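Undergrad: Following is a predicted model, sequence given first.
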Amino acid sequence: MESTTEDESIKSDEKNSSRKSRKSSVDRFKACCSKDINMQMIRDKSEKLKSDLLENFEKQLQDVIEDFVQEIEKIEQSATVNGNPQTQKRTDGELSGKAFIARRSVLSELLEISHIRTIYHIFVAILIVFMLNTLVCDFIDQGRVVLDFQLIIYSFGKFPLVMYVWFCMAGGTSLIVYPLFQYWAYNRRPGRVYWSDYLWLTVYVVYQMVFLFLPVKTIHMNSIPTASSVVIVTEQVRLMMKAHAFVRENIPRALAYDKSKWKEDEDLPCPDFSKYLYFLFAPTLIYRDSYPRSPGPVRWNYVVSNFAQVLASLFYIYYIFERFCIPVFRNFNREFMTPRRLILSVFGSMLPGTLVLFIAFFAILHSWLNAFAEMLRFADRLFYKDWWNSSSFANYYRTWNVVVHDWLYTYVYKDCYMLLGGGNRALAMAAVFLLSAIVHEYILSVAFGFVYPVLFIMFAGAGFAFIFVPNRSQRSGNVFMWVALFIGTGMLMCLYSMEWYARISCPAMSDSFLDYFLPRSWACGPSLVVDGIFALPKLEL
């Protein structure tokens, strides 16, 4: 009996020990789980704290940098290059001017960072994928590789005529504007403005009108294709802006010139022709007698690489149109266009439209301008700023294209501000937006061969209104800007493509000049085309 009792006691002790062991294990497990949960909560809180601190730090750092840049710009107002002041000193009530200093482009600095360079490599990889996609599809469909670049060949057609027109425009700007201005500046009567000065001003205005008319007439009479027309018209606008900048900057010198009182340390009424010629090719629209120059010889490998990037961007845009635009819109008006299909087409055009925006920006404002800046050793290469970080459209307009913005600010905004007595900035700003919208629409209208003022309405309407949208935070403002850009580029690509193919597939609504202004895409449908023959006659207005 005693042996049995002892066995039971031993078994009971073992059970209690086992129970305690299991309980201890459970307690340890719970403790470990609780510890892990607490550690995870601590990690989450620390990550959130880190994110908040970094966001606040970045915001404060950005404010400090902006204040610092503003102070630097104030100092730069009196900076000189080669002994010549780059800006006029600011007086009471006068707006500050452009300061030229030696600086690199934003992307040139960012591409030295490995993370940003990887994004550049991703875009290169996408271009390679587009090329492989085209080659593989052609091989599967036709059993051979078809290197067909008819879209590029057609768009840049009649290129010898384009170069002839360009040489005529450049020759007129060089050999007409400068000699006439020089003759007037040296031979005008000193003192106040006389009627003969207004006569010379009339001659200059007539020259600008003729310069505006003749290239457009040449494009229309010779049916120059779209891309070639864009080259002519953009160069026409650029040379007109250059001529106006030169005349506007030097008129005060000519009016203040008196040969009998002139001293050797004073400026002549008209700069040397070499300075004017350099300005015509320099990547800026603001005239100065001298600019900061980069040291050392020209890096021709850098020039070639930039032109190669422009060429690659051209093929990039070609593949985007070939794969995303033409297949969608080439059958326009052969099928009914319903509101549902229109909305889907707009959204389908957003991604390719934004890609075209990116690539055009990189090709023109970065690669093309940097190539010319390097060849001319032009040191101020801030052709754009970090517009992609903008939290408002007001900042976006100032940073997207610094070259054009500087011209609009210097010769349109400041002059309007002065003429209005310095008390109406909003009206001066409206004049800038109106002129910019008209010029943008003018380029597209001449290039496409029809007036369809979608860009004008978006630019002068919504674009102007967006600058008054309050910016509540950096993040939300930047998201709003990008959403608006995506929608805007999608609408532009969709609506202009529809009108382009409507002009190909549908009959003209009038034989008169009004046909350029009447949108065919609004009133054209499958009923108008029967076996390739127009079913309705042209309307007589």
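TA: Thanks, I have it.

Undergrad: Mind jotting down where the helices sit in the stretch 401-541 of the chain?
TA: 402-408, 414-419, 425-448, 454-457, 464-466, 474-505 (DSSP state H, counting those that start in this stretch).

Undergrad: before we move on, what about the stretch 201-350 of the chain?
TA: Going by DSSP H, counting those that start in this stretch, the stretch 201-350 of the chain shows helices at 226-256, 273-281, 300-320, 326-329, 339-360.

Undergrad: Please apply the same query to the stretch 51-200 of the chain.
TA: With DSSP H, counting those that start in this stretch as the criterion, the stretch 51-200 of the chain has helices spanning 106-110, 114-142, 150-155, 159-172, 178-187, 195-222.

Undergrad: Turn these into a markdown table, columns for mean pLDDT, mean neighbour count and distance to V346.
TA: For every residue, glycine as well, the C-beta is placed using N, CA and C. Below are the helices of the stretch 51-200 of the chain laid out as a markdown table (pLDDT from 0 to 100; neighbours: other CB atoms under 10 Å; distance: least, CB to CB, whole Å):
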| stretch | mean pLDDT | mean neighbour count | distance to V346 |
| --- | --- | --- | --- |
| helix 106-110 | 90 | 15 | 30 |
| helix 114-142 | 84 | 12 | 23 |
| helix 150-155 | 84 | 14 | 22 |
| helix 159-172 | 92 | 15 | 33 |
| helix 178-187 | 89 | 16 | 48 |
| helix 195-222 | 91 | 13 | 29 |
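
Undergrad: can you tell which of these is closest to E235?
TA: Of all those, it is helix 159-172 that lies closest to E235, at 5.7 Å by CB to CB.

Undergrad: and the angle from that closest one to helix 273-281?
TA: 140 degrees (axes from the mean of the first three to the mean of the last three CA atoms, to 10 degrees).

Undergrad: hmm, back to that, okay, the helices of the stretch 401-541 of the chain in a markdown table with distance to W388, mean neighbour count and mean pLDDT next?
TA: Below are these laid out as a markdown table (distance: least, CB to CB, whole Å; neighbours: other CB atoms under 10 Å; pLDDT from 0 to 100):
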| stretch | distance to W388 | mean neighbour count | mean pLDDT |
| --- | --- | --- | --- |
| helix 402-408 | 14 | 20 | 92 |
| helix 414-419 | 28 | 16 | 86 |
| helix 425-448 | 20 | 17 | 89 |
| helix 454-457 | 21 | 18 | 88 |
| helix 464-466 | 16 | 16 | 84 |
| helix 474-505 | 8 | 18 | 87 |
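
Undergrad: Would you format those helices as a markdown table with distance to L369 included?
TA: Compiled in a markdown table, the helices of the stretch 401-541 of the chain are given as follows (distance: least, CB to CB, whole Å):
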| stretch | distance to L369 |
| --- | --- |
| helix 402-408 | 7 |
| helix 414-419 | 23 |
| helix 425-448 | 18 |
| helix 454-457 | 23 |
| helix 464-466 | 26 |
| helix 474-505 | 22 |
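
Undergrad: I'd like to know which of the helices of the stretch 51-200 of the chain lies nearest to W368.
TA: Closest among the helices of the stretch 51-200 of the chain, using CB to CB: helix 106-110, at 12.8 Å.

Undergrad: What are the contacting residues of the closest one?
TA: 116, 362, 366, 370, 381-382, 384-386 (CB atoms under 8 Å, 6 or more residues apart in numbering).

Undergrad: got it, and stretch 248-263?
TA: Stretch 248-263 has contacts (CB under 8 Å, 6+ apart) with 181, 184-186, 188, 190-191, 193, 267-271, 286-288, 411, 415.

Undergrad: could you redo the last one with a cut-off of 6 Å?
TA: Residues outside stretch 248-263 that contact it (CB atoms under 6 Å, 6 or more residues apart in numbering) are 185, 190, 267, 269, 287, 411.

Undergrad: now, which of those lie within strands?
TA: Among the contacts of stretch 248-263, none falls in strands (DSSP state E).

Undergrad: Show me which of the residues you listed has the smallest pLDDT value.
TA: Least confident of the contacts of stretch 248-263 in the model: D267, at 71.

Undergrad: residues near the nearest residue to that one once chain neighbours are set aside, how many?
TA: Using CB to CB, 6 or more residues apart in numbering and skipping the chain neighbours, the partner closest in space to D267 is R253 (5.4 Å). Close neighbours of R253, defined as other CB atoms under 10 Å, add up to 16.

Undergrad: Which pLDDT value goes with R253?
TA: 86.

Undergrad: got the contact list for F329?
TA: Taking CB under 6 Å, 6+ apart, one finds 497, 501 in contact with F329.

Undergrad: okay if I get the helices of the stretch 51-200 of the chain as JSON lines plus distance to F459?
TA: Listed next are the helices of the stretch 51-200 of the chain as JSON lines, based on distance: least, CB to CB, whole Å:
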{"stretch": "helix 106-110", "distance to F459": "24"}
{"stretch": "helix 114-142", "distance to F459": "27"}
{"stretch": "helix 150-155", "distance to F459": "24"}
{"stretch": "helix 159-172", "distance to F459": "25"}
{"stretch": "helix 178-187", "distance to F459": "32"}
{"stretch": "helix 195-222", "distance to F459": "20"}
